[in-house]
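Engineer: Dropping the sequence and predicted coords here.
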Amino acid sequence: MDLQEFIETYVMTDPEWREAHEAADATREGARAVVRARKEAGLTQAELAARAGTAQAVISRIERGTMSPTLDTLTRIAKGLGMRPVVAFEPLDARRPHVKTN
Amino acid sequence: MTDQSYSEDQPGTVWRVEFYRAKGENPVVEELLDLRGRDLRLAEEVVQDLKDLEAFGFDLPDKRLRKVMGTDLWELRSRWQHRIARTLFFHTGTRLLIVTTIFQKRTNAIPRPALTRARERAARWKAERA
């Protein structure tokens, strides 16, 4: 069983776990987006922090999903990456495509 | 539905995390479900960290990964407040990672039974595919 199957089979069918999962996803997907953008820019956490006018520890906590950044902080991070933030809404049941080995 | 190869030769492909399973049994899935029964938030952190592992592989930020000395296993630490769960897994050589055990951390060192269990499951997985 792979991770995606596990989530579909056990997490999304358990109301309490599903609620916790969707709440965590909201923070962690944002965190992954920051990590991806930083890596694509070839920056360390410290370098991005300096460009965004914040502390490396703040970038670290955001990337770990243990801190939810304000829109102002996100905007400064985006600016540090030479980007602008984009906010989007999608249905809760929107799933990434399931991937499998050949 | 997307078919995707996990060959190292294809940059940009994602990693895939699978739970070790034996004939008719899913012992690692049972371990994660057991953790969920005791600590929902910690179990969810394990799921989220495994999603990070699929997204970033060994390039996972923030030192959550470490090699288990003397083995081909890796340890992923998940935290929720003061609680810590450990996931042991191995790399198959492609972009496929097999989780061999999940348990809640109680001591600094990996408990010997957990390490033995993880190594035996890894060896069995490899033997079945040799």
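Structural biologist: Done, it's in.
Engineer: what separates B:Phe56 from B:Phe19, distance-wise?
Structural biologist: 19 Å (C-beta to C-beta, to the nearest Å). Where C-beta positions appear, they are placed from N, C-alpha and C, glycine not excepted.
Engineer: now B:Glu31
Structural biologist: In terms of C-beta to C-beta, B:Glu31 sits 9 Å off from B:Phe19.
Engineer: can you list residues touching both of these two?
Structural biologist: Listed as contacting both B:Glu31 and B:Phe19 by C-beta atoms under 8 Å, 6 or more residues apart in numbering or on different chains is no residue at all.
Engineer: residues near B:Glu45, how many?
Structural biologist: Neighbourhood size, B:Glu45 [other C-beta atoms under 10 Å in any protein chain shown]: 25.
Engineer: Is it in a helix, a strand, or coil?
Structural biologist: Three-state call for B:Glu45 (DSSP: H, G, I helix; E, B strand; the rest coil): helix.
Engineer: Backbone torsions only: list them for the closest residue to it other than its chain neighbours.
Structural biologist: Sequence neighbours aside, B:Ser78 is the residue nearest to B:Glu45 in space, at 4.3 Å (criterion: C-beta to C-beta, 6 or more residues apart in numbering or on different chains). Per-residue torsions, B:Ser78: phi -110, psi 140 (degrees, to the nearest 10).
Engineer: beta partners of B:Ser78?
Structural biologist: B:Ala85 (DSSP bridges).
Engineer: what about it, distance to B:Glu128?
Structural biologist: 28 Å.
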